[in-house]
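S.K.: Sequence first, predicted model second:
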Amino acid sequence: MFCMFAEDIELLPVELFTRTVANAKNDPARPSKLPMNLFDFMARGELFGAGQIACFNGRLFADCKTIDLKPAEIDEILAAARCDWSATEPSIFGTLFERGLPPLFVPAHTPSASRPVPSGKARPSAPAE
């Protein structure tokens, strides 16, 4: 989700994550390898293909692993990537990360914030079932 947000606010080159996932879709060995390469470059801040990748601090991508995805799961990621993530409150990514940690590592309170959605923009929504 962070990469979808990052490409929509142009912290990543436009649609870089989306193209990376789409290019990996039809080759079973590539879906986890290509995003892992992107995350590695995000941790260091280097050229990735033709685009310069900024270094994302906070060690978010310092030691990341990816999982193998099935084509249908990749389709779901690509559908989510077509949403406009630019209006997402950045603090949500910290909240989601903290919820995945064991209770010992989670702070006693996490401040929440919200901001209005700019007119003409839509927040991402769950896919219809």
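M.R.: Nice, thanks for sending it over.
S.K.: which stretches of this structure aren't confidently modelled?
M.R.: Flagging of the chain using pLDDT under 70 yields the residue ranges 28-31, 58, 97-129.
S.K.: ranges for the strands of it?
M.R.: Using DSSP state E, the strands of the chain run over residues 47-48, 51-52.
S.K.: Adjacent strands (with direction) for the first one?
M.R.: Each strand paired with strand 47-48, and its direction, by DSSP bridges: strand 51-52 (antiparallel).
S.K.: just so I know, which of the strands of the chain lies nearest Phe61?
M.R.: strand 47-48 (12.1 Å; Cβ to Cβ). All C-beta spots, glycine's among them, are computed from the backbone N, C-alpha and C.
S.K.: starting at the chain centroid, how far to the closest one?
M.R.: 17 Å (Cα atoms, centre = their mean, to the nearest Å).
S.K.: what do you get for stretch 14-32?
M.R.: Distance of stretch 14-32 from the chain centroid (Cα atoms, centre = their mean) equals 13 Å.
S.K.: Over to stretch 82-94?
M.R.: On Cα atoms, centre = their mean, the centre of stretch 82-94 falls 9 Å from the chain's centre.
S.K.: First-to-last residue distance for that stretch?
M.R.: 22 Å (Cα to Cα, to the nearest Å).
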